[in-house]
Structure formats: structure tokens, C-alpha cells
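A.B. asks: Need a 3D model of the following:
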Amino acid sequence: MKTRVVASAFLGAAALFAAVLGLPSPAYSHKPITTSILFKNEIAQIFQRKCFQCHTENNLSVSLTTYTDARPWARAIREEVLERRMPPWQAVPGYGHFTNDISLNTREMEIILSWTDGGAPSGVLKVEESIPPVFVPPAPAWDHGPPDHIMPIGGGHAVPAGSPFELKRFVVPTNLASSKRVRSIALKQGDRRVVRHAAFYDEATGRWLGSWTPWQTATMLPEGLAVRLPAKSRIVVEIGYSGADQDVTDRSEIGIYFGADSGTAVEALSLRAAAASVPAGATSQRVRAETKLSTPLTVVAFWPDPSPSARSIEISVVSPADMVTPLLWIKDYRPEWRSPYYLSAPVTVARGSRLVMTTYFANPTDKTEPARAQAWLMTAGPLGK
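C.D. replies: This next block holds a predicted model:
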């Protein structure tokens, strides 16, 4: 009896300790198994497709590559999936279809929830629980093969341990001897524990050239499209950093892949509202931007670029007959998880149509704050015409 009391006290103390730290309560091994979903089969395959981009050893977040790694996080995984916080895809389903969509579909969510609610079984022998049952991507590499041209980003950027999220800008000379058509721009992280996202701009014009995320490691344009870079051009690289558990010096690189000499060149259209401010304490300050097209164009991709206080972003096209077509809706904007949105099927917009963006901002401070409502659209002339 005494032993049982001591054990109960120990478990109670452990649960209290976890609660104080804000950790998920421990899931004990004697929880009954009520599901046929196994980590080694269904779960590992979903994690490989949708989670390993950030959840491996020495990466942005906790490793989920083995059962030993993943099992203690089963309850937290359940909460993140139900709240649609992870994977960190922010576009609302049904408002545009995108080639780089990393979100879980309904079936994948059901499988994960069945596993977490049913005891989270492994499906392997105890001695195999620390072995990944599926292929785990290696350290940062050029996922699409060696680029045609590689450029270092500065001489190394120091990221102190535990430092909060921040954006840093670097100017990288291309040293191109002549103008080039570029079909893809990639980034290879110097240290993937600290690099969350990156965006590329032409320094001379400010136009957006593409973006990188852990789940889309290169800008991939539709066949026949390319970005034109002038000779001796310079690329502005904006990287989102968060500190790891130790000091890190990041030495990331840019790689560019040249395209064919002929084809359609893409441009970038900035959809930006006039200067605005958000009053202290505001929770839903609306800012609207609109532009009317004098010529038809095709929208290929979006890069939302608001100030960090943005909470939601809606982009629509309004036809000359006032028919509204939603293109993108980000309901809960998270600046630390920025992403481009590459349309699965580029959308051609008629002359005389209006592109409309509505952004909502919040300001929890006691002072008025400026608000930047902006999004870049990668565009081309009407395709196939």
C-alpha cells in the first residue's frame, strides 16, 4: 500500500511539473490501444510528406522521425492538428489551389487523430522504436540538383541562442556577365535550425523574384515562364530567423537555375494600400487596396508582405461585370511562417477588372502603430495567347 501511495504521489508531481512548464501531460504506456493505425505505416508516411521539412534532427523543431521521438508529443500533435496550426499553411481551403500547399487533407487529419486518440501504437518491436521507418531527408542540400550559379549570402550571420523571430536583409551581387532568364531560385540553409523563410527581390526595381520555405525549397514557375535578371544585377535576400538552443552562425547560399532563351518573362505587381495606422487597442482595423487593370494579365503566384500586426488577408478579382472571384484568403496570418502561394492553375484576369486586397490589423499596444498592407503578385501576359 505504501508503494502504491508513493507511486501515485510521484505521478501527480510529474503532471504538476509538466503543467507549470506548459508541456503536454505525459502519455503513459498502459493507455489501451484502440486503433489499427500504426506509426511505422500511416503516421510515418504522413509525417514524411508534411512534417519532416521542419521536424528532423537539428532542424527548426522537435524531431518526429522515429517512434521514440514522436510518441511523447502525441497529445501536442493532436492539438496542433485540430487547431490547424501545423503544418503552418495559412491559406483557407477552397479559396484558390496551390502547388506548394503543405496542409493536411481531411483523410490525413482523420488518420493522425485516430492514432493519437487510440493509444498511438508503434507497430514495431521495442528495439526498432528508435529507427526511422521511412526515408528522412538529409542535411540542407540543393533539392533540384546543382544550380547553374551559386552565390553566398554575406560572410555569415550570427543568430544568438534563444533570440526572437526577426527579419534580416542582405544584398547579394549576382556577377552575371549578361542578362539571364531564370526559371528557378533556391536557397540552401547554412543552418536549418534558425532559417524559417526567405524572399528574393531585384535591388534595382524592388520587384519580387520568388520565395523559399522549408517545404518549397525553390521557386518553380510553370513551363515556359522565367524571371529575367539583368547583367550585374543584385538580389536582395530577406531571411526570417529564430534562435536555436545555442549560438549559430548561418551561412546560407542562393542558387539560380537558368531557363531557355525564349519564352514568357514574368513580372511582379505590387498591390499596396496607402499609408495607414492602427489605433491602440484595435482588434480588427480594416485596410483596403485596389488596382484596376488596363491590360489583361495572368496571376501566377502571391507573396503577402504586410507589417507583422496583420491578422487576415483577402485577395479577390472583381470583373467588369462586378463578379467577385476569391483568389487567396489567409484567415490567421503568422509572420514567422510566411509563405508564397503558387497557383496550381494560373488565373487570367481580364482588362478592366479590379484586383482588391483587404487586410485586417490588430494592435494590442497602447500606442498607434503604422500598418503596411501589401502583397506581391507574380504575373505574366495572358498565357496561350
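
A.B. asks: C-alpha only now, for contacts and for neighbours.
C.D. replies: OK.

A.B. asks: Which residues are in contact with Ser262?
C.D. replies: Going by C-alpha atoms under 8 Å, 6 or more residues apart in numbering, Ser262 touches Gly224.

A.B. asks: which sections of the stretch 251-385 of the chain are below the confidence cut-off?
C.D. replies: Scanning the stretch 251-385 of the chain for pLDDT under 70 picks out 382-385.

A.B. asks: ok, now with 50
C.D. replies: Flagging of the stretch 251-385 of the chain using pLDDT under 50 yields the residue ranges 383-385.

A.B. asks: need the strands for it, in chain order.
C.D. replies: Assigned by DSSP state E, counting those that start in this stretch, the stretch 251-385 of the chain shows strands spanning 253-258, 264-265, 267-272, 276-278, 285-292, 297-304, 310-318, 324-330, 341-349, 354-361, 369-371, 374-380.

A.B. asks: Return the distance of the shortest one from the chain's centre.
C.D. replies: Using C-alpha atoms, centre = their mean, to the nearest Å, the mean C-alpha position of strand 264-265 is found 26 Å from that of the whole chain.

A.B. asks: The nearest residue to Thr295 once chain neighbours are set aside: neighbour count?
C.D. replies: Distance criterion C-alpha to C-alpha, 6 or more residues apart in numbering; nearest residue to Thr295, sequence neighbours excluded, is Arg351 at 4.7 Å. Counted with other C-alpha atoms under 10 Å, residues neighbouring Arg351 total 14.

A.B. asks: per-domain residue ranges of the chain.
C.D. replies: With domains defined by automatic domain parsing, the chain comprises 19-128, 149-265, 267-380.

A.B. asks: ok, now which ones touch the residue most central in space within the chain?
C.D. replies: Residue closest to the mean C-alpha point of the chain, counted by C-alpha atoms, centre = their mean, is Ser339 at 4.1 Å. Contacts of Ser339 were listed using C-alpha under 8 Å, 6+ apart, and they are 89, 197, 211-213, 303-304.

A.B. asks: Put together JSON lines for those residues, with distance to Glu128 and neighbour count on each row.
C.D. replies: Formatted as JSON lines, the contacts of Ser339 follow (distance: C-alpha to C-alpha, whole Å; neighbours: other C-alpha atoms under 10 Å):
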{"residue": "Trp89", "distance to Glu128": "32", "neighbour count": "22"}
{"residue": "His197", "distance to Glu128": "34", "neighbour count": "25"}
{"residue": "Ser211", "distance to Glu128": "39", "neighbour count": "27"}
{"residue": "Trp212", "distance to Glu128": "35", "neighbour count": "22"}
{"residue": "Thr213", "distance to Glu128": "32", "neighbour count": "23"}
{"residue": "Trp303", "distance to Glu128": "43", "neighbour count": "22"}
{"residue": "Pro304", "distance to Glu128": "44", "neighbour count": "23"}
